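Q: next come a sequence and a model predicted from it.
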Amino acid sequence: MKYGLAAAVAFLSSVASAQTTTTNCTTYYWGSTQCVSQTPQQSSGVNWGLINNQQTPNAGQSFMDAYQRGLRDRAAREAAQQQAQAAAAETAAAEAQARAVDAARQADELHKAQSLEAAKLVTAGDCAGAQQYALSVGNFVLAQQVKDYCAK
């Protein structure tokens with residue numbers, strides 16, 4: 001029975017691994033049994049002679065190559081980011097300039113409208129009313145011009 005169990009274990013292990021296993025069992029005089037199974041080692045199938053150590057880069061060189069690639073990639077990313085920032089700054093400057101031109105145009109139109117209103121009052125002979133109007137709209141330059149014109 002003891003030998004049968006060992007043989008079954010050996011058979012099952014040989015079926016599972018598809019290798020030949022040899023099991024040797026020894027029974028000692030005090031009644032204990034010791035079994036030893038041996039499986040021959042098979043080659044891994046790698047032909048180590050095909051590996052050329054001359055063409056395999058060493059770890060230090062591989063690290064330096066990867067490090068240099070990383071530096072180049074980082075420099076390229078930073079350059080692209082700087083170009084994007086420069087383009088954004090240029091766009092913002094152009095928008096600010098357009099707003100300044102628009103504000104100056106609106107100020108000119110407002111000054112012309114206020115000047116026409118003051119001119120109508122001066123033409124009607126109401127210099128004090130024209131000066132009061134210019135002061136009420138906050139156009140002190142126009143108020144001074146009306147005062148100087150009416151003083152002549």
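A: Noted; the coordinates are in hand.

Q: for the residue located most distally from the centre of the chain, what are its contacts?
A: In the chain, counting by CA atoms, centre = their mean, residue 29 sits farthest out from the average C-alpha position, at 77.3 Å. When contacts are counted by CB atoms under 8 Å, 6 or more residues apart in numbering, residue 29 touches no other residue. All C-beta atoms are positioned from the backbone trio N, CA, C, and that covers glycine.

Q: tell me the SS of it?
A: Look at residue 29: counting by DSSP: H, G, I helix; E, B strand; the rest coil, its state is coil.

Q: show me where the chain has strands.
A: 22-27, 33-38 (DSSP state E).

Q: in this structure, where's the longest helix?
A: Secondary structure of the chain per DSSP state H: the longest helix is helix 59-123.

Q: any idea how far the spatially most central residue of the chain is from residue 135?
A: Central residue of the chain (CA atoms, centre = their mean): residue 77, 9.4 Å from the mean position. From residue 77 across to residue 135, the span is 60 Å (CB to CB, to the nearest Å).

Q: how close does residue 24 get to residue 32?
A: Distance from residue 24 to residue 32, by CB to CB: 15 Å.

Q: report the buried residues of stretch 58-76.
A: By neighbour count on 16 or more other CB atoms under 10 Å, the buried set for stretch 58-76 is empty.

Q: and that stretch, how far out from the chain's middle?
A: 20 Å (CA atoms, centre = their mean, to the nearest Å).

Q: stretch 126-144 now?
A: Distance, centroid of stretch 126-144 to centroid of chain: 59 Å (CA atoms, centre = their mean).
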